[in-house]
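**Q** Generate a structure from the sequence data that follows.
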Amino acid sequence: MTGNAVPAPIPPEPQTDKVGISRLSVFNGGVILMTRQLLGYGLKLIGLFLITRVLGPERYAAYVAAGSLIQYPVNMFLDGLNAYLVLGGQERTEDAERNVQSILAILATVIVLTILTFAGPLGDLTHIPDAGAVMVVLVFFVPFQLLMLPAYTRLERALEYRKIAGIELAGQVTYYAVAAPLVLNGGGAVSLAYGFVAQWVVSFFCTFFFTRMVPRLGFSWPVAVKIVRFALSYSLVSWTWQLKTLINPLLVGPLLGANALGIVGMANTVVDLSAFVKTIIYRICLAILGRCRDDMEKLRNAITYGLQFQTLTVGIVLLGFSWFSGWIVPIAFGERWMPILQIYPFIAFGFLTNALFNIHSAVLIAINRPFDVILFHLTYVSLFALVVALAVPHFGLVGYGFGEIAAIPAYLLLHVYATRRVGSPDYQVGLIWLCGAGIGLFWREIGPWAIAAPFVALLMPPSIKLLADQFSQLRDERKAKAHAQPA
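**A** Purely as a prediction, here's the structure:
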C-alpha cells in the first residue's frame, strides 16, 4: 500500500438493542410472521363470512362451548411444557425432549378418554344443544397438538419464523378447505370440528417435516420430575388464566342462551383475529426472554419494548375494525350478528390493556416467580366472573363487557410484582396510546369526536420521538448489515 492510500472504512458493527438482540433480526422475523398472519387473516375472514352466514349465532355456539371446554385442559398442560422447552435454557436436551414427548402422550390419552366418556354431561353444563356431539369429534385434535410441541419449540428457539409461518398457514388453509364445504352442505357446527382436527393433523406432519425430527418416547424419573416441577408452576399460571375462557360457556350461555353465547364467542374471535400482531410480538419476546432471563436490565427493557409496540400495533388494528364494523358486520356476517357491535369495544379495550401488561407475566415466569402471576390471574378472573354473573341478567350482552372493564384494575397487581422484581418499565408512551385508542374504540358511545383521540396520541412529542428513534436505529442496522456483506 502506498503512503497516500486511504484505508477502507471499517463498517459499523451490527447493533443490538437493550434486550441484547439485533433489532433487525426481530424486525425481519416479525415481517415474516406478519405476512403469514395477514394471509391467514384474509383466509379466516373468507371462512368466517361463509360459516357465520350459514350457521348463525345459535349453532356456532355449540362449537364455541365445545372448544372452550376441551381447550381448557389442553392449554393447562401445553403452556407449562412449552415454557420448559422454550425457557429451560441449558436443561433442554434431547433426553428431556423424549421425556416431554412421553408426558404429552400420556396427557393426550387421558384427555381424549375423559372427554369421550363425559362429553354428554359436559355439554349439558352449557345448556347448548349439540355441544356434547361436537366435543366427541373435536377432541381428536388433542394428540396432534400436544405431540408436535417439542419439534415446534425447536423452531421457536431457533427463531425459524419462515418455517413457523409456513406450518401455521398450511394448517389454516386445511381448516377452511375441510370446514367450509361441510358447512355449506348443511353439516352444522360439527363441520368446524372436523376442520379443526384436520388443521392440527397437517400442522403435526409439517412440523416434523421441517425439523427433520422423528417423535421418540423415553422416560427417566429424575428428568421427568425436573420437567414436571418446572412445568407445573407454569401450568398453574395457565390454569388460572384459562378460567376466563369458561365464563362465556358456563355463565353467559346458561343465563342468556345459545344466541348470546355465539355472539360473545364471535366477538372474541373477531378481536383475536384483529389483534394478531400481539401474538407475533409476544412470541418474539418469549424467545428473547429465554436468552436474557438473568439480566434484570434487559428484562425490564423487554417489558418496555413489548408494551409499547403491542399497544401501538394492536390498537391500530382494533380501531380499524371498530370504525368500519357498521359496514363490515352486516355485509360479511349478516344482520343476525349485529349485536357484536354492542360488546366489541369492551372486549377490544380489555384485550388492548392486556397488551400493555402481558410481557410482565412472561418476565415474572422467566425469573421463576409464577405465583405472583397466579395471584394476579385469580384476582382478574374473579372480578370478571363476579361482574358478569351480576350484570348479565340485568344488562344482557353489555354485562359481559362490564366484566371486561371491571377486571382491569387487577393489572395493578402485575405492575407491583414486576416492579418489585426487575424495576419499573417505562409506561409513558404505552399509556398515551392506550388512552387514545381506548377513547377511539368507544366512538359510538361517546360521539364521533372520539375518532380523533388516537391521532392526537400519535402526534404527542413522546410518541413522535420514540417512533423516530426506532426507525433511525432500524435504518442504521440495515446499513451495518449491508456494509458487512462481502462485495
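**Q** Give the next helix or strand downstream of the least confident helix or strand in the chain by mean pLDDT.
**A** Each helix and strand of the chain was given a mean pLDDT (mean pLDDT, DSSP states H and E); the minimum falls on helix 276-292 at a mean of 63. Sequence-wise, the next helix or strand downstream of helix 276-292 (DSSP states H and E) is helix 296-328.
**Q** by contact count, what packs against that following helix?
**A** helix 258-274, helix 276-292, helix 340-366, helix 411-422, helix 428-441, helix 453-458 (3 or more C-beta pairs under 8 Å, 6 or more residues apart in numbering; DSSP states H and E). For glycine as for every other residue, the C-beta is placed from the backbone atoms N, C-alpha and C.
**Q** export the last one as CSV, just CAs?
**A** Listed in CSV are the C-alpha atoms of helix 453-458, where the atom choice follows Å, rounded to 0.1, in the frame of the first residue of the first chain:
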residue,chain,number,x,y,z
ALA,A,453,-58.2,10.8,20.0
PRO,A,454,-55.8,8.1,18.6
PHE,A,455,-54.3,10.6,16.1
VAL,A,456,-53.7,13.1,18.9
ALA,A,457,-51.9,10.4,20.9
LEU,A,458,-49.6,9.5,17.9
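**Q** quick one: that helix to chain centroid distance?
**A** Centroid separation between helix 453-458 and its chain, computed with C-alpha atoms, centre = their mean, to the nearest Å, is 26 Å.
**Q** in it, what's buried?
**A** Buried residues in helix 453-458, defined by neighbour count with 16 or more other C-beta atoms under 10 Å: 453-454, 457-458.
**Q** Run through who's touching stretch 391-398.
**A** 251-252, 255-256, 260, 263-264, 339, 342-343, 346, 399-400, 402-403 (C-beta atoms under 8 Å, 6 or more residues apart in numbering).
**Q** What pLDDT does the model give the nearest residue to Phe196 once chain neighbours are set aside?
**A** Nearest residue to Phe196, sequence neighbours excluded (C-beta to C-beta, 6 or more residues apart in numbering): Phe141, at 5.5 Å. Per-residue confidence for Phe141 comes out at a pLDDT of 94.
**Q** you'd agree Phe141 is up against Val197?
**A** Yes. Counting by C-beta atoms under 8 Å, Phe141 does reach Val197; the two are 4.6 Å apart.
**Q** Ala177: neighbour count?
**A** 15 (other C-beta atoms under 10 Å).
**Q** Between the helices and strands packed on helix 296-328, which one is closest to Arg212.
**A** Nearest of these to Arg212, taken as C-beta to C-beta: helix 276-292 at 20.4 Å.
**Q** Can you pull out the low-pLDDT segments for this structure?
**A** The chain contains residues with pLDDT under 70 at 1-50, 87-93, 159, 274-295, 474, 476-487.
**Q** Give me the distance between Leu356 and Arg157.
**A** Leu356 sits 26 Å away from Arg157, going by C-beta to C-beta, to the nearest Å.
**Q** So which of the two has more stuff around it?
**A** Neighbour totals were compared for Leu356 and Arg157, and Leu356 leads with 26 against 17 (other C-beta under 10 Å).
**Q** For that one, give me its contacts.
**A** 307, 310-311, 411, 427, 430-431, 434.
**Q** Over to Leu125?
**A** Counted by C-beta under 8 Å, 6+ apart, Leu125 has contacts 69, 249-250.
**Q** need the residues you listed in JSON lines with neighbour count and distance to Ser361, can you?
**A** JSON lines is the format used below for the contacts of Leu125 (neighbours: other C-beta atoms under 10 Å; distance: C-beta to C-beta, whole Å):
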{"residue": "Leu69", "neighbour count": "26", "distance to Ser361": "24"}
{"residue": "Pro249", "neighbour count": "27", "distance to Ser361": "24"}
{"residue": "Leu250", "neighbour count": "19", "distance to Ser361": "24"}
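**Q** of all these, which comes closest to Glu168?
**A** The closest of the contacts of Leu125, once distances to Glu168 are taken by C-beta to C-beta, is Leu69, at 24.0 Å.
**Q** quick one: which helix or strand includes the closest one?
**A** Here Leu69 is assigned to helix 23-87, by DSSP H and E.
**Q** ok, Gly423 - how many residues close by?
**A** 13.
**Q** quick one on the thing from earlier: now restrict the contacts of Leu356 to buried residues only.
**A** 307, 310-311, 411, 427, 430, 434.
**Q** Most widely separated two among the residues you listed?
**A** Pairwise over the buried ones among the contacts of Leu356, using C-beta to C-beta, the maximum falls at Gln310 and Tyr411, 13.6 Å.
**Q** helices or strands up against the helix or strand where Ser238 lies?
**A** Using DSSP H and E, Ser238 sits within helix 221-242. The elements that helix 221-242 packs onto, with contact taken as 3+ C-beta pairs under 8 Å, 6+ apart, are helix 23-87, helix 94-126, helix 340-366, helix 370-395.
**Q** Compare these and give me the one nearest Gly334.
**A** helix 23-87 (4.9 Å).
**Q** and the closest residue to Gly350 other than its chain neighbours, what is it in contact with?
**A** Excluding its sequence neighbours, the residue lying closest to Gly350 (C-beta to C-beta, 6+ apart) is Glu404, at 3.7 Å. Shown in contact with Glu404 (C-beta under 8 Å, 6+ apart): 346-347, 349-350, 384.
**Q** could you redo these as CSV and give each row distance to His415 and neighbour count?
**A** Compiled in CSV, these are given as follows (distance: C-beta to C-beta, whole Å; neighbours: other C-beta atoms under 10 Å):
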residue, distance to His415, neighbour count
Phe346, 22, 23
Ile347, 22, 23
Phe349, 18, 25
Gly350, 16, 21
Phe384, 18, 24
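**Q** State the pair within these that is farthest apart.
**A** Pairwise over those, using C-beta to C-beta, the maximum falls at Phe349 and Phe384, 13.4 Å.
**Q** hmm, back to that, tell me the angle the helix holding Ser238 makes with helix 340-366.
**A** 150 degrees (axes from the mean of the first three to the mean of the last three C-alpha atoms, to 10 degrees).
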